[in-house]
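[1] I'd like to go over a predicted model; first the sequence, then the structure.
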Amino acid sequence: MSSQEDDDEEIDPVKMILPDEQEEGKSLTTLGDDAAKQQLQEHHIRSVESMVVIRQLPSEGLSFQLWPAATTLVTLLDNHRHHPSKSPLATTLSALSNGDNDRKLKILELGSGTGLVGIAAAVTLGADVTVTDLPYVVPNLQFNVDANADVVAQKGGTVNVAPLRWGEDDDLEVVGREFDLVLASDVVYHDHLFEPLIQTLHSLLNGGRGGKKVFVMAHLRRWKKDTVFFKKAKKLFGVETIHADPPKEGSRIGVVVYRFVGKS
């Protein structure tokens, strides 16, 4: 692991979670006012010349807003579709397809929030994706999936929505374990969820389709306690860094993307 997990300096989470400026390739429209305010954000997926539209509900809390690591994963998926030979995801995705480029990948996203990453995966990879989050987040997640149903179908993908509470075996039984790839962004945040997340990952990476399962996670380190998650995870999974964004202006570190595989 890099020194980012070993550095004791604290990071300002609010500044990192909710950046003020909009990035290239995205446009933001605010509708309504006060508690009813919603934001519609367009994301141009250049590799397939398509637009994905996401509704954010800032007044409802952080689960209804787009976090920085999600846009990093979307960019990686977009770039992979455009230049697969140069992609940090190339080794992982080619291994999962087992040389059969016509076989659809089955992907599960944990802590989907607005659903942007899962929808982008369906669009760029033509994959069958299941996006999940806590039950109270699911209605907005379903709204975003429905809003992008046409572009997903045009690119040969599918997106299903399901509630999934980490550490709850009953929820996982409903969602299933038959996935090739698990995705997540900015899910290592609340320390009381470290164990439930690891429990769910252990069940997913050691069950389902034959062969090694893979978890790809984009993460922006905010606190020292993040180190605890990685120490626990490394006891059960092989963990490697596959990509790191340069820090944004005013920040000391950028988003890092990790690859987890189950240990034999």
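    Everything's here; your move. Note that the coordinates shown come from a computational prediction; the quantities given were computed from them, not determined experimentally.
[2] Surely Val257 forms part of a strand?
    Yes: counting by DSSP: H, G, I helix; E, B strand; the rest coil, Val257 is part of a strand.
[3] Give me the neighbour count for the nearest residue to it once chain neighbours are set aside.
    With sequence-adjacent residues excluded and distances taken as CB to CB, 6 or more residues apart in numbering, Val257 is closest to His243, at 4.0 Å. In short, each C-beta sits where N, CA and C put it, glycine included. Here the number of neighbours of His243 (other CB atoms under 10 Å) works out to 19.
[4] Adjust the sequence numbering to begin at 32 for everything that follows.
    With 32 as the first residue, the last one maps to His274.
[5] can you give me the strands for the stretch 182-295 of the chain?
    Applying DSSP state E, counting those that start in this stretch to the stretch 182-295 of the chain gives strands spanning 189-194, 212-216, 245-250, 268-275, 287-293.
[6] which outside residues touch stretch 221-235?
    With contact meaning CB atoms under 8 Å, 6 or more residues apart in numbering, stretch 221-235 is reached by 139, 141, 195-200, 203, 208, 210, 213, 218-219, 244, 246, 256, 259-260, 263-264, 267-268, 291, 293.
[7] Those residues, buried ones only, as a PyMOL selection?
    Buried members of these, defined by 16 or more other CB atoms under 10 Å, are picked up in PyMOL with:
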select buried, resi 139+141+195+197+203+208+210+213+218+219+244+246+260+264+267+268+291+293
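[8] In helices, which of the contacts of stretch 221-235 fall?
    200, 203, 259-260, 263-264, 267 (DSSP state H).
[9] What is the nearest of the residues you listed to Leu93?
    Phe260 (18.0 Å; CB to CB).
[10] and that closest one, how far is that from Thr163?
    Look at Phe260 and Thr163: by CB to CB, to the nearest Å, they are 19 Å apart.
[11] what's the answer for Leu232, then?
    13 Å.
[12] Which one's more surrounded, these two?
    Thr163 (26 against 23).
[13] now the helices: where do they sit in this protein?
    Under DSSP H, the chain gives helices at 44-48, 99-113, 121-128, 147-156, 169-178, 180-185, 200-206, 225-236, 257-267.
[14] got the buried residues for stretch 174-192?
    Result for stretch 174-192 [16+ other CB under 10 Å]: buried residues 174-176, 178-179, 182-183, 186, 188-190, 192.
[15] and if you look at stretch 217-229?
    Buried, per 16+ other CB under 10 Å, within stretch 217-229: 217-220, 224-225, 228-229.
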